[in-house]
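[1] Structure here, sequence nowhere to be found:
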């Protein structure tokens with residue numbers, strides 16, 4: 001489990017948590033609406049609801065979860081954007097929502113300036129995965145099959161991942177049949193059923209890989225996968241972009257510093273040692289808590305880099 005504070009990486013985060021006037025005494029003026037950008041019943045939704053329970057139990061704050069799904073989290077951000085910036089409205093999305101998805105949804109007019117990032121809770125172990133009985137042990141095996149004329153159906157669950165799949169094929173001199181579906185579970189089901197040959201999965205594949213039913217062929221991150229450290233990264237395969245990302249909680253823009261510090265601390269502690277911690281270890285390799293200036297930079301960088309990825313994939 002990791003806690004990344006900032007500012008000069010750690011100093012600013014410590015200052016944000018400890019020296020903001022009134023942070024420890026801050027209380028919301030009423031119930032906190034927690035907008036959840038994920039479908040009910042999945043791991044992300046469960047994580048958000050566990051955080052809500054911790055905030056109520058540990059801080060006495062009433063937290064009301066509310067599902068607002070669709071458009072890769074953009075609908076959730078649109079619902080949050082004009083709510084009061086007083087700590088009574090927050091949302092759980094992923095950094096891809098604040099980056100690629102916001103940049104791509106030009107009609108929505110969203111940017112990081114519309115929100116106050118609070119904290120991340122966990123990252124994704126995003127891999128390119130195949131069913132073990134395909135007989136592919138490496139990404140090289142997949143590329144060889146494609147070059148031999150096999151139609152490789154590549155499952156993705158977002159436009160960004162579809163762009164990455166396209167660029168991977170381009171870098172390797174092949175063309176994948178990209179099949180975009182809704183959610184990582186749909187990709188795993190597709191691969192397991194044989195409707196897809198490979199696909200992006202963000203940690204949901206861990207049990208299958210451990211059991212020998214699935215194979216992590218590559219890491220879609222900037223670093224190797226925890227479970228399969230020898231699998232190549234996208235950079236090793238000739239792609240300069242990656243799918244690094246995190247679950248992140250945000251509030252409307254201009255949230256007061258004391259409210260930001262109190263909410264970030266409470267949610268971060270919940271991820272690290274509260275009810276969600278076991279789930280985060282099992283599904284996402286543990287909590288990763290990024291706050292303050294480092295989180296601001298991470299969110300802005302994701303938004304700025306989105307245009308370059310979209311342009312490269314055209």
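    Received the coordinates, thanks. Remember, predicted model here, so these are calculated numbers, not experimental data.

[2] how close does residue 169 get to residue 146?
    To residue 146, residue 169 is 8 Å away according to Cβ to Cβ, to the nearest Å. Where C-beta positions appear, they are placed from N, C-alpha and C, glycine not excepted.

[3] Residue 100 now?
    Computed as Cβ to Cβ, the residue 100 to residue 146 distance reads 26 Å.

[4] And these two? Which one has more around it.
    With other Cβ atoms under 10 Å as the criterion, residue 100 and residue 146 differ in neighbour count, and residue 100 comes out ahead with 27 against 20.

[5] Correct me if wrong: that one contacts residue 302.
    Yes - checked against Cβ atoms under 8 Å, the pair residue 100 and residue 302 is within contact range at 7.0 Å.

[6] Mind telling me what element the closest residue to residue 236 other than its chain neighbours is part of?
    Sequence neighbours aside, residue 218 is the residue nearest to residue 236 in space, at 7.8 Å (criterion: Cβ to Cβ, 6 or more residues apart in numbering). Using DSSP states H and E, the element containing residue 218 is strand 214-219.

[7] what comes into contact with that strand?
    Under the criterion Cβ atoms under 8 Å, 6 or more residues apart in numbering, residues 126-132, 134, 136-139, 141-142, 191-192, 198, 201, 205, 208-209, 225, 227-228, 231-234, 236-237 lie in contact with strand 214-219.

[8] List buried residues within those.
    Listed as buried from the contacts of strand 214-219 are 126-131, 134, 136, 139, 142, 191-192, 198, 201, 205, 208-209, 225, 227-228, 231-234, 237; burial here means 16 or more other Cβ atoms under 10 Å.

[9] Which of these fall within strands?
    Taking DSSP state E, the ones among these that sit in strands are 126, 127, 128, 129, 130, 131, 198, 201.

[10] Which members of these are the farthest-apart pair?
    Of all pairs drawn from those, the one with the longest distance (Cβ to Cβ) is 126 and 131, at 17.7 Å.

[11] Longest strand in the chain, please.
    Longest strand in the chain, counting residues (DSSP E): strand 115-123.

[12] Remind me what that strand packs against, helices and strands.
    The contact analysis (3 or more Cβ pairs under 8 Å, 6 or more residues apart in numbering; DSSP states H and E) places strand 115-123 against helix 43-59, helix 74-81, strand 246-252, helix 257-273, helix 276-284, strand 288-290, helix 292-313.

[13] Figure out which of these is closest to residue 174.
    Shortest separation from residue 174 across the helices and strands packed on strand 115-123 is recorded for helix 292-313, at 15.3 Å, computed as Cβ to Cβ.

[14] buried residues in the closest one?
    For helix 292-313, the buried set under the neighbour-count rule, 16+ other Cβ under 10 Å, comprises 292-296, 298-300, 302-303, 306, 309, 313.

[15] following the worst-scoring helix or strand of the chain on mean pLDDT, which helix or strand shows up next?
    Across the helices and strands of the chain, mean pLDDT, DSSP states H and E gives its lowest value to helix 9-18, namely a mean of 36. Proceeding C-terminally, helix 9-18 gives way to strand 32-36 as the next helix or strand, assigned by DSSP H and E.
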